[in-house]
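Enquirer: model this:
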Amino acid sequence: MAILCIHNYYRIRAGEDIMFDKICHHLKVNHSIIKYTKKTHKNIYLNIIKMFIKKLLFIDLIKILIILNKNKNIKFCYIQNLFPLININIIRLIIKKNIKIIFRVSNYRLLCPNSLFYRNNKICKLCYEKSSNLSILKYNCENNYLKSIYSFIRTTRLQNFIINYDINLLVQTHYQLKLYSSFINFKNNSIYKINNIIDDDFEMEEREIPFENFFILSGRDSKEKGFDEIIAFFERKNKFNLVVTSSNKKNKKFDNIFYTNYLTKKQNLFILKKAKALICNYQWLDISPNVILESMAMGTLVLSNKVDSLSEILIHKETCLIYENNIKSLEKYLEIINQDNHDKKIIDQARNFVKENYSAKKFIENIENLFVN
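Expert: Residues are numbered from 1 along each chain as shown. Predicted coordinates:
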């Protein structure tokens with residue numbers, strides 16, 4: 001048996017194709033790792049031109065056709081993420097070969113055209129609740145009419161072919177499972193839940209930091225991640241040090257705040273390991289952030305606001321500390337952590353939690369049931 005794997009560029013960058021190599025080796029199956037796309041441009045017009053050229057020349061279709069003809073014993077096709085729009089002709093071709101398709105869903109794209117459930121700085125589920133994608137056009141959710149139209153078309157087409165071709169979906173959390181299972185359009189599709197993988201063999205690269213003791217904000221600096229509110233707090237409270245793994249957008253300088261600019265994954269892990277705690281301030285319904293799981297696995301405390309979608313990961317006083325969306329509460333916990341007066345059992349419990357639920361071994365057990373049985 002062989003498994004065809006089509007990976008999104010960003011997941012390859014995160015090392016998921018390497019992890020899948022290990023899994024397939026354990027299962028003793030042949031597999032092919034296929035890059036479906038390279039890094040997308042920020043410019044929407046360049047993305048459209050690139051997509052048009054690729055479709056006009058049938059580049060991806062030809063690539064997949066060659067692989068299928070060379071590997072007659074492919075039984076499964078594992079597709080990581082759905083962005084940008086995968087060529088429907090590729091799906092048709094794979095299905096004609098009687099290959100079972102499993103989409104691993106890493107965002108809310110199939111339920112929300114802008115993929116975030118987030119609009120005007122607050123959670124929005126209008127498209128999901130109405131089972132219609134028209135709200136993205138009504139409210140111009142992408143803040144660019146051309147981009148909003150494009151997102152509407154993309155999500156509508158994705159939903160239609162998943163329904164029509166009986167595609168199997170693979171989600172990462174119970175929250176996602178509940179959302180997708182209750183979505184009326186997908187009532188007949190098979191939906192599976194398998195956790196992310198966190199490899200405990202962390203490779204690190206030293207990166208100089210001007211502080212001995214510090215907290216860290218790590219990840220993509222965007223509104224839904226809530227960086228600005230935390231940075232503004234540290235600007236007022238200069239007794240605490242903060243490292244931000246992004247660029248200094250406002251070009252303001254504070255002695256207690258250090259921006260690292262771009263980091264490699266190895267450098268990011270090094271700083272994460274040294275931090276007193278990782279601070280999370282998610283304003284949206286994030287799915288399963290690797291940075292949280294990596295922190296727990298490395299023994300770095302997680303200090304977070306309450307996030308409904310992460311309730312199975314962020315458990316107050318068991319795997320993390322939760323400051324209940326209150327800045328005064330956040331300051332109290334920063335004082336406790338800075339003085340090392342927090343319960344150290346939380347760190348051990350969090351590490352064990354990740355080891356038991358997010359290890360390669362656990363993933364292999366679950367994926368084996370999916371692909372082999």
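
Enquirer: which residue ranges of the stretch 201-350 of the chain form helices?
Expert: Assignment of helices within the stretch 201-350 of the chain using DSSP state H, counting those that start in this stretch yields the ranges 227-236, 265-274, 290-298, 327-338, 345-357.

Enquirer: so which elements touch the longest helix anywhere in the chain?
Expert: With DSSP state H setting the assignment, residue counts place helix 145-164 as the longest helix in the chain. If you count contacts as 3 or more C-beta pairs under 8 Å, 6 or more residues apart in numbering; DSSP states H and E, helix 145-164 packs onto helix 44-56, helix 88-96, helix 135-138. Where you see a C-beta, it was placed from the backbone N, CA and C, and this is true even at glycine.

Enquirer: name the residues of that helix that are buried.
Expert: Buried residues in helix 145-164, counting neighbours by 16 or more other C-beta atoms under 10 Å, are found at 147, 148, 150, 151, 152, 154, 155, 158, 159, 162.

Enquirer: wait, residue 93 touches residue 65, no?
Expert: Yes: in this structure, residue 93 is within contact of residue 65 by C-beta atoms under 8 Å, at 6.5 Å.

Enquirer: now the helix or strand hosting residue 369: mean pLDDT?
Expert: Residue 369 belongs to helix 360-371 when assigned by DSSP states H and E. Model confidence over helix 360-371, given as mean pLDDT, is 77.

Enquirer: residue ranges in the stretch 51-200 of the chain under the pLDDT threshold?
Expert: Judged by pLDDT under 70, the stretch 51-200 of the chain has its weakly predicted residues at 51, 55, 81-86.

Enquirer: on that earlier part again, distance from the helix holding residue 369 to the middle of the chain?
Expert: Between the centre of helix 360-371 and the centre of its host chain there is 19 Å, according to C-alpha atoms, centre = their mean, to the nearest Å.

Enquirer: got the angle between that helix and helix 345-357?
Expert: With axes from the mean of the first three to the mean of the last three C-alpha atoms, to 10 degrees applied, the angle from helix 360-371 to helix 345-357 works out at 30 degrees.

Enquirer: got the buried residues for helix 360-371?
Expert: Neighbour-count burial for helix 360-371, with 16+ other C-beta under 10 Å as criterion, is recorded at 360, 362, 363, 364, 367, 370, 371.

Enquirer: for it, packing partners?
Expert: When contacts are defined as 3+ C-beta pairs under 8 Å, 6+ apart, helix 360-371 sits against helix 16-27.

Enquirer: hmm, which two among the buried residues of helix 145-164 are most spread apart?
Expert: Of all pairs drawn from the buried residues of helix 145-164, the greatest distance, 22.2 Å, lies between 147 and 162 (C-beta to C-beta).

Enquirer: just give the strands next to the helix or strand just after the longest helix of the chain in its sheet, each with its orientation.
Expert: As assigned by DSSP H and E, the chain's next helix or strand after helix 145-164 is strand 168-171. Partners of strand 168-171 in the sheet, by DSSP bridges, are strand 100-104 (parallel), strand 191-193 (parallel).

Enquirer: hmm, back to that, nearest to residue 241, of the buried residues of helix 360-371?
Expert: Using C-beta to C-beta, residue 360 comes nearest to residue 241 of the buried residues of helix 360-371, at 34.5 Å.

Enquirer: hmm, that closest one is touching residue 197, no?
Expert: Yes: the pair residue 360 / residue 197 is scored as a contact, 5.5 Å apart, by C-beta under 8 Å.

Enquirer: end to end on stretch 252-261, go ahead and measure it.
Expert: End-to-end distance for stretch 252-261: 14 Å, by C-alpha to C-alpha, to the nearest Å.

Enquirer: give me the contacts around that stretch.
Expert: Counting contacts by C-beta atoms under 8 Å, 6 or more residues apart in numbering, the residues outside stretch 252-261 that touch it are 207, 209-211, 214, 231, 234-235, 238-248, 267, 271.

Enquirer: please flag which of those sit within strands.
Expert: In this view, these that belong to strands under DSSP state E are 242, 243, 244.

Enquirer: just put the residues you listed in TSV and tack on neighbour count and pLDDT.
Expert: Formatted as TSV, these follow (neighbours: other C-beta atoms under 10 Å; pLDDT from 0 to 100):
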residue	neighbour count	pLDDT
242	24	98
243	21	98
244	23	97
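
Enquirer: hang on, residue 157 packs against residue 88?
Expert: Yes: between residue 157 and residue 88 a contact is recorded at 7.1 Å, counting by C-beta under 8 Å.

Enquirer: and for the two, which residues touch both?
Expert: Residues touching both residue 157 and residue 88 do not exist when contact is defined as C-beta under 8 Å, 6+ apart.

Enquirer: stretch 230-244: how far from the chain's middle?
Expert: For stretch 230-244, the distance to the chain centre is 26 Å (C-alpha atoms, centre = their mean).

Enquirer: which outside residues touch it?
Expert: Surrounding stretch 230-244, the residues in contact under the criterion C-beta under 8 Å, 6+ apart are 209, 211, 213-217, 221, 227, 252, 254-260, 271, 275, 279, 281, 327, 330-331, 334, 338.

Enquirer: who are the contact partners of residue 306?
Expert: Residues in contact with residue 306 (C-beta under 8 Å, 6+ apart) are 314, 322, 324, 325.

Enquirer: from these, keep the buried residues only.
Expert: For those, burial is judged from neighbour counts taken by 16+ other C-beta under 10 Å, and it is met by 314, 322.

Enquirer: okay if I get the contacts of residue 306 as a markdown table plus distance to residue 352 and pLDDT?
Expert: Below are the contacts of residue 306 laid out as a markdown table (distance: C-beta to C-beta, whole Å; pLDDT from 0 to 100):
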| residue | distance to residue 352 | pLDDT |
| --- | --- | --- |
| 314 | 15 | 97 |
| 322 | 19 | 96 |
| 324 | 25 | 83 |
| 325 | 27 | 70 |
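
Enquirer: cool, thanks, signing off.
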